[in-house]
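>>> what follows is a predicted structure for the sequence shown.
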Amino acid sequence: TRAVTAHDVVKVYGDGDASVAALNGVSMEFASGTFTAIMGPSGSGKSTLMHCLAGLDEVTSGSVVLGGTELVGLGDKQLTLLRRQRVGFVFQTFNLLPTLTARQNITLPLDIAGRRDTDPSWRDRVVDTLGLRDRLDHRPSELSGGQQQRVACARALVTSPDVVFADEPTGNLDSASGAEVLAFLRMSVYELGQTVVMVTHDAGAASYADRVVFLRDGAFVDEMADPSIERVL
Ligand code: ADP
Ligand code: ADP
């Protein structure tokens with residue numbers, strides 16, 4: 001099954017002489033339970049593609065199907081609801097709420113999605129998979145960068161979304177903490193069956209994925225299965 005599919009996606013920002021074609025007809029499938037890295041030079045359209053796949057940005061033409069739902073044609077309210085229920089986000093800067101404990105940060109998306117009654121065993125599995133069991137009562141300022149990003153990953157996974165989108169998740173971490181976060185993210189794919197799509201410019205980070213797709217000038221150029229760091233570089 002496909003967690004998310006882009007078909008011939010074109011994205012143009014602005015109009016007339018000032019318009020920029022960020023995506024020039026991208027078709028791509030992301031299978032459920034897989035970990036894909038999107039790589040490419042700065043300006044190649046990685047963020048734009050991720051935003052279109054996540055329903056954060058409207059495509060100019062083409063189609064995006066997320067968990068069986070066509071996003072083209074949905075209104076803002078429907079898209080917001082769909083993101084809350086079915087998409088998880090991990091950012092470069094963690095974006096945890098500083099006054100809440102790790103536990104409260106992790107469960108926030110359930111409250112927002114109105115799913116307080118959700119299966120607690122899933123929550124426990126997410127917390128255990130990310131190695132956060134003994135960190136739940138700490139606030140972000142009491143956690144290392146790597147631990148904060150693992151909390152952010154748990155927050156992204158807690159609703160059991162169709163896809164987790166991670167935008168440069170190791171960009172603010174030293175390489176040891178980054179490697180740790182990626183290893184835990186990988187476990188969420190292989191042990192919990194989650195689907196992760198990660199944008200990165202770091203070949204080392206991409207080597208944790210099981211597929212790397214390369215963009216250039218807003219178009220797909222190449223892909224690689226089971227990347228090793230030597231082959232991605
Ligand atoms: P990447 O993530 O690979 O660096 P982006 O998706 O951010 O690439 O950008 C792709 C192209 O689209 C670039 O030329 C960029 O300048 C342009 N672009 C991105 N976002 C906007 C925007 N909001 N308005 C106008 N141009 C944009
Ligand atoms: P709300 O009104 O609840 O803030 P939004 O539509 O702004 O809802 O956001 C819904 C989801 O999309 C949230 O999980 C949020 O973290 C994510 N999100 C919002 N804006 C961005 C963005 N620019 N880039 C990545 N994720 C975003």
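That came through fine. Predicted, not measured: the structure shown is a model, and the values here were computed from it. Numbers count the residues shown, from 1 in each chain. Ligands and ions are numbered 1, 2, ... in the order given.
>>> and the closest residue to Met28 other than its chain neighbours, how many neighbours?
Excluding its sequence neighbours, the residue lying closest to Met28 (C-beta to C-beta, 6 or more residues apart in numbering) is Ala6, at 4.8 Å. All C-beta atoms are positioned from the backbone trio N, CA, C, and that covers glycine. For Ala6, the count of nearby residues is 23 (other C-beta atoms under 10 Å).
>>> so Ala6 is in which element?
strand 2-13 (DSSP states H and E).
>>> CA atoms of that strand as CSV?
Listed in CSV are the C-alpha atoms of strand 2-13, where the atom choice follows Å, rounded to 0.1, in the frame of the first residue of the first chain:
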residue,chain,number,x,y,z
ARG,A,2,1.0,3.6,-0.6
ALA,A,3,1.1,6.0,2.3
VAL,A,4,1.5,9.0,0.0
THR,A,5,1.7,9.5,-3.8
ALA,A,6,2.6,12.5,-5.9
HIS,A,7,1.5,12.4,-9.5
ASP,A,8,2.9,14.9,-12.0
VAL,A,9,3.0,17.6,-9.3
VAL,A,10,3.8,21.1,-10.5
LYS,A,11,4.3,24.0,-8.1
VAL,A,12,4.8,27.5,-9.3
TYR,A,13,5.2,30.4,-6.8
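>>> can you list the strands that that strand pairs with?
Using DSSP bridges, strand 2-13 pairs in its sheet with strand 20-31 (antiparallel), strand 61-66 (antiparallel).
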